[in-house]
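# Turn this into a model:
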Amino acid sequence: TITNTKSNVEDIYELTPMQQGMLFHTLYTEGSDVYIEQFVYDLEGDLNEDYFRKAWEEAVTRHGVLRTSFQWKGISKPVQLVSKSVELPWKSFDWSNDDEKKQLAEFKNLIKKDRADSFSMEKAPLMRCTLIKLSHDKYKFVWTFHHILMDGWSYPVIQKEIFKIYESLKENKPADLPRPVPYKHYILWLNQKDKTPAEGFWKKELEGFVSPTPMETDSEIEVKQEEEIGELDIKLSPELTSGLQTLAKQNQLTLNTIIQGAWSVILSTYRGENDVVFGGTVSGRTPELKGIETMVGMLINTLPVRVKVDGNKNVMEWLKELQANHIERDEYSYSSLVDIHDWSGIPKGSKLFENILVFENYPLDKSFENGVAGIKITNAYANERTNFPLTILIAPRETLGINILYETAKFNDSTINQILTDFKTVLESITGNPARKVSDISVLTEETREKILFDWNDTKHEFPIDKCVHHLFEEQALMNPGGIAAELEDEKLTYR
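Numbers count the residues shown, from 1 in each chain. Prediction:
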């Protein structure tokens, strides 16, 4: 077994602010599956299992990130330690003799057990692979790793390399891959950034902001024995997706700006506040660094997004201001949340935000679906978990997908489904008439509006005209003496 002895250490360097936060929450919630990622996909074709495994081992050899562990004991601040060599944990299963129903049950159980198997942050590699044979030409593959190693942008970079190496092994020729840009280059760039301009920006940006904007939780939920994460999603129609893309293009907006605008309206409506703050993820891939687009590592950062929902402005004017603010904020996207918190007026111990919106705009290689080296990759998806009660994931594909991860101890399924419906309604409202005022954007569908205005408001009731109100009150008291007549906070009075 290879261990982190001095002779096996290749490099040591600091953590990014995002990594520091992830390490803290991982250690704080020891044993939980927070930040454990499972990247899952189907493989179809004549797969050479041995070559596939060797391709993954070669990728680990190429990228120091995949050989990284974390050390924090007995030192002033944590560091990441890159090992020269590690053994990649690999499991293979053959379920080809089982029927489809049994395979599905076995896979569901495997995924659950795999998530429960947390990593030791001090031991590399913080990843493992599982290959399952379903039939002679069908497989399922699970790549499990700690999110502290890399961001979503890195996934397709690794996958592309894997199949390039696999193809070269099959054809018995060199893979001819360019040398990876070391993640350390990003760390060094980050460390030489001057914090002074960032401090000025964030103090101004968060001036007057003293408390986060949480989504109201469901008070009637029963206390659960263990924390569970629910997941619900919605896919917008091709027509609405196309309408959003056209609106963005015609007005030089990003799709992310429109989505963040929609979430701001929803938060503002639910909270009754016109000044809201939530977390927004930025790629962190600065053009200042050569080769940044193919760098493998944790470059993303999550920053506070403050939005003033000004009902008097028209939607397009408001969205353009929102985007201008985003562009300015991106200049300081290297800032750590710890520093931003210190620069803000938020009391110590309080969070800057309690829900985050992640726009997954990393590039996907569609050639995988058509086949690479005789193998097709389909049904790719990721199982993930953050340390926030509510995480909104936006997947901009042919049809825009909105996926919400939520703590079931705080939110009911019905509440999350309502938020998803609200997203669709608000986005339809924006594309339907972008010249309207922000105050005219409604989270209510026409059907709901009709129900509130007419069905629920149909409260007409016939009362006897020969009796006064106090007579009716006395009758009610006689019929239901134990009923609640008046209530104030914790005090209740019955008719008795």
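# From now on I want contacts and neighbour counts done on CA atoms only, so please keep to that.
OK.
# I'd like to know how far K84 sits from I165.
20 Å (Cα to Cα, to the nearest Å).
# and those two? which has more neighbours close in?
More crowded of K84 and I165, by other Cα atoms under 10 Å: I165, with 25 against 16.
# which residues does that one contact?
55, 58, 175 (Cα atoms under 8 Å, 6 or more residues apart in numbering).
# which one of these is nearest D422?
A55 (44.6 Å; Cα to Cα).
# just checking, the closest one touches K160?
No. With contacts counted by Cα atoms under 8 Å, A55 stays clear of K160, the gap being 10.8 Å.
# Look at those two and report which has more neighbours.
Using other Cα under 10 Å, the more surrounded residue of A55 and K160 is A55, with 21 against 16.
# Which strand or helix spans that one?
In the assignment (DSSP states H and E), A55 maps to helix 49-62.
# after that helix comes which helix or strand?
strand 68-71.
# and whichever helix or strand comes after that following strand, what does it pack onto?
Proceeding N to C from strand 68-71, the next assigned helix or strand is strand 79-83, under DSSP H and E. For strand 79-83, the contact count by 3 or more Cα pairs under 8 Å, 6 or more residues apart in numbering; DSSP states H and E identifies strand 9-14, strand 68-71 as packing neighbours.
# what is the mean pLDDT for strand 79-83?
When pLDDT is averaged along strand 79-83, the result is 97.
# tell me the angle it makes with strand 9-14.
160 degrees (axes from the mean of the first three to the mean of the last three Cα atoms, to 10 degrees).
# bridging residues for T302?
T281 (DSSP bridges).
# Can you tell me how far it is from D275?
T302 is 19 Å from D275, by Cα to Cα.
# can you check L405 too?
If you go by Cα to Cα, the gap between L405 and D275 works out to 24 Å.
# Which one of those two is surrounded by more residues?
When L405 and D275 are compared for neighbours, L405 comes out ahead with 21 against 16, by other Cα under 10 Å.
# can you pull the pLDDT of that one?
94.
# For the helix or strand hosting it, which helices and strands make contact with it?
If you go by DSSP H and E, L405 is part of strand 400-407. Packing partners of strand 400-407 (3+ Cα pairs under 8 Å, 6+ apart): strand 229-235, strand 390-396.
# Which of those strands has the highest mean neighbour count?
Most buried of the helices and strands packed on strand 400-407 by mean neighbour count (mean count of other Cα atoms under 10 Å) is strand 390-396; its value is a mean of 19.
# Just the CA coordinates for that one, please, in CSV.
What follows is strand 390-396 as a C-alpha-only set of coordinates in CSV (Å, rounded to 0.1, in the frame of the first residue of the first chain):
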residue,chain,number,x,y,z
LEU,A,390,-31.6,24.7,-0.6
THR,A,391,-29.4,24.4,-3.7
ILE,A,392,-30.7,25.2,-7.2
LEU,A,393,-28.9,23.7,-10.1
ILE,A,394,-29.5,25.0,-13.6
ALA,A,395,-28.5,22.8,-16.6
PRO,A,396,-28.6,24.8,-19.9
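# how many degrees apart are it and strand 229-235 in direction?
Going by the same axes, to 10 degrees, strand 390-396 makes 30 degrees with strand 229-235.
# What strands line up against strand 390-396, and which way round?
Assessed with DSSP bridges, strand 390-396 is paired to strand 355-359 (parallel), strand 400-407 (antiparallel).
# which residues touch the shortest one?
The one in question is strand 355-359. 214-215, 256, 260, 278-281, 388-396.
# what's the most buried one of the helices and strands packed on strand 79-83?
Most buried among the helices and strands packed on strand 79-83, counting by mean count of other Cα under 10 Å: strand 68-71, with a mean of 22.
# Can you list the helices and strands that that strand packs against?
strand 79-83.
# How far away from the center of its chain is the helix or strand immediately after the strand it packs on in the chain?
Going down the chain from strand 79-83, the next helix or strand is strand 90-94, by DSSP H and E. On the basis of Cα atoms, centre = their mean, to the nearest Å, strand 90-94 sits 29 Å off its chain's mean C-alpha point.
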